[in-house]
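Student: Here is a sequence together with a model predicted from it:
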Amino acid sequence: MTQFSTPDVRLRPFVSADAPRLAEIANNKKVSDNLRDGFPHPYTLADAENFIKKFVGQEPATVFAIEYNGEYVGNIGLHQGTDVYRKSAEIGYFLGESYWNKGIMTQAVKLITEYGFKNLDIVRIYTGVFEYNQASQHVLEKCGYTKEAILKKAICKNGQIWDEVRYGKVKEE
Ligand SMILES: CC(C)(COP(=O)(O)OP(=O)(O)OC[C@H]1O[C@@H](n2cnc3c(N)ncnc32)[C@H](O)[C@@H]1OP(=O)(O)O)[C@@H](O)C(=O)NCCC(=O)NCCS
């Protein structure tokens, strides 16, 4: 089983029994406001079960449950591109609100970035952050990601238009 950790944060594959807890931590507008509309609100148990069944037994594992001191608190994943983007992966993540600002995602992003460059055939990891999401931008900067571009008015979220801030990190040779 692929898993890796710091002393208090562990990334591990999903198990079916994670679904109720995922529904609990994901069903929060403060979380979904920072994510694509494919992450629904409200977030139901059926949404959680459908998500998890895509990744149970995934090989190689690219999407993980984040555990903090043994408790399942969020998700993090790498989504590899296709065609000319096949050597790049998009990183995505969220944490249940009661666990914010404890440094958990900074540790999780560092772990999955190192894992991705070692174990997947990729040379670049990137993501786009909504302009108002300062916490996520801060996490990426703490993990050595570079602010590469601001895509003006790229995002339509909750009926409003926002800039997208693109971050990337390339594999060191
Ligand atoms: C964004 C998110 C993943 C951050 O996770 P986290 O574990 O709280 O992040 P960390 O504690 O590792 O680091 C957050 C940093 O941002 C800072 N921060 C938090 N809110 C901030 C704000 N409103 N403005 C500026 N900085 C802020 C914190 O102080 C901390 O920096 P520090 O370590 O220098 O003090 C979490 O808030 C979350 O899941 N949000 C909802 C989903 C989401 O945004 N996903 C990412 C989409 S791109």
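Tutor: It's in.
Student: which residues touch stretch 75-82?
Tutor: Contacts with stretch 75-82, where a contact means CB atoms under 8 Å, 6 or more residues apart in numbering, come from 11, 22, 55, 62-66, 86-94, 105, 108-109, 112, 116, 120, 122, 125. Using the backbone N, CA and C atoms, a C-beta is placed for each residue, glycine as well.
Student: ok, and of the residues you listed, which contact the ligand?
Tutor: Among the contacts of stretch 75-82, the residues that sit close to the ligand (CB under 6 Å from any ligand atom) are 93, 94, 105.
Student: Filter those down to just the ones in helices.
Tutor: Within those, residues falling in helices by DSSP state H are residue 105.
Student: Thought residue 8 was touching residue 69, still the case?
Tutor: Yes. Under the criterion of CB atoms under 8 Å, residue 69 makes contact with residue 8 at 5.5 Å.
Student: Settle it for me: which of those two has more neighbours?
Tutor: residue 8 (13 against 10; other CB atoms under 10 Å).
Student: quick one: contacts for the more buried one?
Tutor: 68, 69, 107.
Student: And for residue 151?
Tutor: 128, 163, 164, 165, 166.
Student: what bridges to residue 150?
Tutor: Using DSSP bridges, the bridge partners assigned to residue 150 are residue 165.
Student: measure it to residue 165 for me?
Tutor: Distance of residue 150 to residue 165, given as CB to CB, to the nearest Å: 6 Å.
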